[in-house]
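Participant: curious how this folds, go ahead:
(one chain, ligands or ions: 2)
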Amino acid sequence: MDSRELSRWIEAALRCRENAYAPYSRFAVGAALVTAGGDLFTGCNIENASFGGTICAERVAASAAIAAGQRKWQAIVLALSGGGPPCGICRQFLSEFAPDLRIYRVDADNPQGEYQADSLADLYPHPFSRHDL
Ligand SMILES: O=c1ccn([C@H]2C[C@H](O)[C@@H](CO)O2)c(=O)[nH]1
Ligand SMILES: [Zn+2]
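Facilitator: Ligands and ions are numbered 1, 2, ... in the order given. A predicted model of the protein is given here:
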């Protein structure tokens with residue numbers, strides 16, 4: 001991955017963040033899931049008046065990739081205010097398909113600033129998996 005490619009992924013996450021439906025938290029999140037072949041699937045968070053019905057940007061992006069038949073992934077880019085990490089539900093969800101996924105995070109309030117890069121394996125070292133069934 002060169003930095004131009006990463007910039008394109010970040011742009012995609014930021015653009016999708018503009019579609020976030022977050023009237024309750026007012027916290028907009030955008031995600032860009034990058035497949036092994038370099039295709040991009042984007043997602044934003046979608047809240048619900050029944051709060052538990054809310055879905056995070058990460059799972060929307062990942063679900064779009066899965067629904068398109070693409071389950072081999074290299075990275076996900078997250079764009080959110082403060083650049084925080086994915087929630088526990090999303091870590092578990094992503095680990096089903098890509099336990100070593102690279103996770104890039106940008107602060108949507110300062111997208112040209114530093115980004116964080118982690119492996120999902122580091123952020124979520126002990127997923128519940130098929131071996132635990
Ligand atoms: O990594 C994250 C963290 C939070 N959210 C969403 C869920 C909810 O709509 C709002 C506040 O938690 O942000 C995400 O989409 N991804
Ligand atoms: Zn989440």
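Participant: going by C-alpha atoms from here, please, whenever you check contacts or count neighbours.
Facilitator: Noted.
Participant: who in the chain is up against ligand 2?
Facilitator: Residues of the chain that fall close to ligand 2, judged by CA under 5 Å from the ion: 56, 87, 90.
Participant: weed out the non-buried ones from those.
Facilitator: Buried subset of those (neighbour count, 16 or more other CA atoms under 10 Å): 56, 90.
Participant: quick check: buried residues in stretch 45-62?
Facilitator: Across stretch 45-62, burial judged by 16+ other CA under 10 Å covers 45-47, 55-62.
Participant: circling back: ok, which of the residues of the chain next to ligand 2 also contact ligand 1?
Facilitator: Counting by CA under 6 Å from any ligand atom, 56, 87 from the residues of the chain next to ligand 2 sit close to ligand 1.
Participant: which of the residues of the chain next to ligand 2 fall within helices?
Facilitator: Judged by DSSP state H, those include residue 90 as members of helices.
Participant: now the residues of the chain next to ligand 2 in TSV, with pLDDT?
Facilitator: Formatted as TSV, the residues of the chain next to ligand 2 follow (pLDDT from 0 to 100):
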residue	pLDDT
56	99
87	98
90	98
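Participant: which single one of the residues of the chain next to ligand 2 is nearest to ligand 1?
Facilitator: residue 56 (3.2 Å; CA to the nearest ligand atom).
Participant: biggest separation within the buried residues of stretch 45-62, which pair?
Facilitator: Greatest spatial distance among the buried residues of stretch 45-62 (CA to CA): 47 and 62, at 16.9 Å.
Participant: tally up the residues packed near residue 133, please.
Facilitator: 5 (other CA atoms under 10 Å).
Participant: residue contacts, it?
Facilitator: Going by CA atoms under 8 Å, 6 or more residues apart in numbering, residue 133 touches no other residue.
Participant: where do the helices of the protein begin and end?
Facilitator: 3-17, 57-67, 88-95, 120-123.
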